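J.: Provide a 3D model corresponding to the input given below.
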Amino acid sequence: MTAIAETRKFEAEVAQVLHLVTHSLYSHKEIFLRELISNASDACDKLRFESIGQPELLSGDAELHVDVSWDPDQRTVTVRDNGVGMSRDEIVANLGTIASSGTRRFLEAMSAEQKGDARLIGQFGVGFYSAFVVADKVTVLSRRAGLSAAEGVKWESDGKGEYSLEQFELPERGTAIVLHLKADEDAFLKRWELRSLITRYSDHVAFSIRMPLEKDGKPSEEWETVNAASALWTKPKNEISDEEYQSFYKSLGHDFNDALTWTHNRVEGSQSYITLLYLPAQPPFELMMGGRDERKGLKLYIKRVFIMDAAETLLPNYLRFVRGVVDADDLPLNVSREILQQNRQLERIKAACVKRVLDLIEKLAKDEPEKFHTFYQAFGNTLKEGIAEDHANRERIAKLLRFASTKGEGSARNVSLDDYIGRMPVSQDTIWYITADSHAAAAGSPQLEAFKAKDIEVLLMSDRIDEWMLGSLNEYAGKKLRNVAKGELPLDEEAKKQQEEASKAAEPLLNKLKELLGDRVGDVKVSARLTDSPSCLALSDYEMAPHLARLLREAGHDMPTSKPTLEINPQHALLKRVEAESDAGKAKDLANLLLEQAEIAAGAPLPDPAAFVQRLNRVLLG
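T.: Have a look, this model is predicted:
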């Protein structure tokens, strides 16, 4: 006897997801089958893990599997598993509400797409709702392992804002999802179409996927397994084709694109484990949205039993773009997250994973420069985080970084630190660089003038992370890294003498500028950096670049304020004009404009833009 159905409204965000899925995803409709099979496989994985401590949960039905069937008369496709199942509360939590912040990012990403993108499905844990791409009604029948047949649950919805929920007698544990297909989706009522999709997307699911044989165009009583039903990573490498590797990657990473490359390794001995690690060709959506949370790039298995998405445990944060599996033989099957965090064996596996990934990237850089360029475009900035996060591998990571340069090709980031060192004169012992908030600002900085005049190469760094990263990269291959805009420039004896003479000759001008600028500056000096421009800002060795300080303030961080040092070129016509100007008002306007143009060039915010405009107009009108 069934209970009276209760009708509930979807949480607002579920309604948004359903609207976007049903109205935007008109290509790649077949995504629904991959996602439903993936969810069914996860349910089997969870039951297998829970049954380690509670073997009674399997209750005589120990062969875990996923069944896919079709009914041309009823126009339905059904995906059924005998996995862990769901209780009433779990169905409400999983199908009626979405607590994951990843779903909010999914909504933002989907809303930004003109045509919608099926790659978004699954990556944000909303794969179930892809059923509504092809179905105008979905029925879910589920019973949690360990509960009685009377505690089954029936969930049903047309995806238009509400769902019904009722207690339902179910003799078997697990979940069945019945899709009532839309009128124009007849293709999915053909066995060959469903089987081809299973082969394409789900062949390497570790559980048997079964389908009925066909008789007279309809499903028969006889079933067959239609997938490989084996853990791909456990097979010898020479028995796996590239196509199989790519197919497994797509099912693992919810990606329609091929992986860029991969590494598959088996370690045997005192500690035995297998790793299969992939580099994607483009950033996963959570990375594009700036997420460092909800990392699910690597799956941990122990003796072929899925334990958890354990990316945080198996790889450092700066390698969060890596996808793959790790299967260990030597860890206790009942391992918990707390034990994982403290497990020495896992620390050794983590170190090996990091080495494998860095080896893989280095091999790309050496042997396949075009692929490496693709990788670096997608993940270069994420990789830079490792300079601060992974002291042990800092030199290896630094070797992989690429930058624009005053001797490079335009804005192309293709110069390595080794390239730079290889071009350095024997007498040079410093790698020079400049940071800015754009390539144009870096390339046009007045602080480069003396270096260009002496034909000294300077790396042009314009990614937001660069200034922060360089706080942890002070040296590479025995060469110090220095910012051309910071500290005193090293000068030979002749240059020092000329600098001292120029400073002494300009002393009256320096004093005049200090008086005109007052507390707007900490000091005014003659510059060794400038040859063509009238002025620039100079920073102390440990002072943050103005463009980064501005960004941090805009992000709500409290930043210490300091008075800038203004460096001038006394030979410039503007400085000659300031020196000769007898009108106090005009001289003050000129002095302030010299400071403000230096601040603009350095990426510092003007304290009073309106006053700057008024000053500029007064000087122009003369």
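
J.: and the residue lying closest to D541 once chain neighbours are set aside, what does it touch?
T.: Nearest non-adjacent residue to D541, counting by Cβ to Cβ, 6 or more residues apart in numbering: G487, 4.3 Å away. Quick note: C-beta positions are derived from backbone N, CA and C, even for glycine. Contacts for G487 (Cβ atoms under 8 Å, 6 or more residues apart in numbering) come out as L539, S540, D541.

J.: among the residues you listed, which ones are buried?
T.: Neighbour-count burial (16 or more other Cβ atoms under 10 Å) is assigned, among the contacts of G487, to L539.

J.: Just put the contacts of G487 in TSV and tack on pLDDT.
T.: Shown next, in TSV, are these (pLDDT from 0 to 100):
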residue	pLDDT
L539	86
S540	82
D541	80
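
J.: For L276, state which of the contacts of G487 is nearest.
T.: Comparing the contacts of G487 against L276 with Cβ to Cβ picks out D541 as the nearest, at 45.5 Å.

J.: now the helices for the stretch 201-350 of the chain?
T.: 242-253, 285-288, 311-314, 337-342, 344-367 (DSSP state H, counting those that start in this stretch).

J.: Quick check: which of the ones you listed is buried the most?
T.: Of all the helices of the stretch 201-350 of the chain, helix 311-314 carries the top mean neighbour count, a mean of 22, counting by mean count of other Cβ atoms under 10 Å.

J.: and that helix, C-alpha only, in CSV?
T.: Provided in CSV are the C-alpha atoms of helix 311-314 (Å, rounded to 0.1, in the frame of the first residue of the first chain):
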residue,chain,number,x,y,z
ALA,A,311,42.7,15.8,-4.3
GLU,A,312,43.8,17.8,-1.2
THR,A,313,45.5,14.7,0.2
LEU,A,314,47.2,13.5,-3.0
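
J.: Offset the numbering so it begins at 58, please.
T.: From this message on, residue numbering opens at 58, which makes the last subject helix 368-371.

J.: Distance from the chain centre to that helix, please.
T.: Averaging C-alpha positions (Cα atoms, centre = their mean, to the nearest Å) puts helix 368-371 15 Å from its chain's average.

J.: Stretch 332-341: which residues count as buried?
T.: Neighbour-count burial for stretch 332-341 [16+ other Cβ under 10 Å]: T332, L333, L334, Y335, L336, P337, A338, Q339, P341.

J.: Averaged pLDDT, that stretch. What do you get?
T.: Across stretch 332-341, pLDDT averages out at 90.

J.: for stretch 628-645, same thing?
T.: So the average pLDDT for stretch 628-645 ends up being 94.

J.: The closest residue to I364 other than its chain neighbours pairs with what?
T.: Among residues not flanking I364 along the chain, L357 sits closest, at 4.7 Å (Cβ to Cβ, 6+ apart). According to DSSP bridges, the residues that bridge with L357 are M365, V383.

J.: Run a quick neighbour tally on L357.
T.: L357 has 23 neighbours, counted by other Cβ atoms under 10 Å.

J.: distance of it from K292?
T.: Using Cβ to Cβ, to the nearest Å, L357 is found at 19 Å from K292.

J.: before we move on, what about V197?
T.: With distances taken as Cβ to Cβ, V197 is found 34 Å from K292.

J.: the more surrounded of these two?
T.: Comparing V197 with K292 by neighbour count (other Cβ under 10 Å), the higher total belongs to V197, at 21 against 15.

J.: Provide a list of residue ranges in this protein with pLDDT below threshold.
T.: Across the chain, the ranges flagged by pLDDT under 70 are 58-60, 69-74, 76-85, 153-183, 310-311, 341-353, 362, 367, 389-399.

J.: got a list of what the closest residue to L75 other than its chain neighbours touches?
T.: The shortest distance from L75 to any non-neighbouring residue, by Cβ to Cβ, 6+ apart, is to G216 (4.8 Å). Contacts for G216 (Cβ under 8 Å, 6+ apart) come out as L75, T79, Y186, F189, A192, D193, K194, V195.

J.: Kindly indicate the member of these with the most neighbours.
T.: Counting neighbours by other Cβ under 10 Å, A192 leads these with 25 neighbours.

J.: I'd say that one and I234 touch.
T.: No: counting by Cβ atoms under 8 Å, A192 sits too far from I234 to count as a contact (9.4 Å).

J.: Tell me if K194 really is in a strand.
T.: Yes: under DSSP: H, G, I helix; E, B strand; the rest coil, K194 falls within a strand.

J.: What distance do you get for it to F429?
T.: Distance of K194 to F429, computed by Cβ to Cβ: 49 Å.

J.: Check M518 too.
T.: Distance, M518 to F429, using Cβ to Cβ: 19 Å.

J.: Who has more neighbours out of these two?
T.: M518 (24 against 21).

J.: Hmm, A500 and that one touching each other?
T.: No: between M518 and A500 there is no contact under Cβ under 8 Å: 11.0 Å.

J.: got any residues that touch both of those two?
T.: In contact with both M518 and A500: A461, using Cβ under 8 Å, 6+ apart.

J.: Contacts for stretch 119-138, please.
T.: Contact partners of stretch 119-138, identified using Cβ under 8 Å, 6+ apart, comprise 90, 93-94, 97-98, 100-101, 104-105, 139-140, 192, 231-238, 245-248, 251, 255, 262, 264-269, 274-276, 280, 283.
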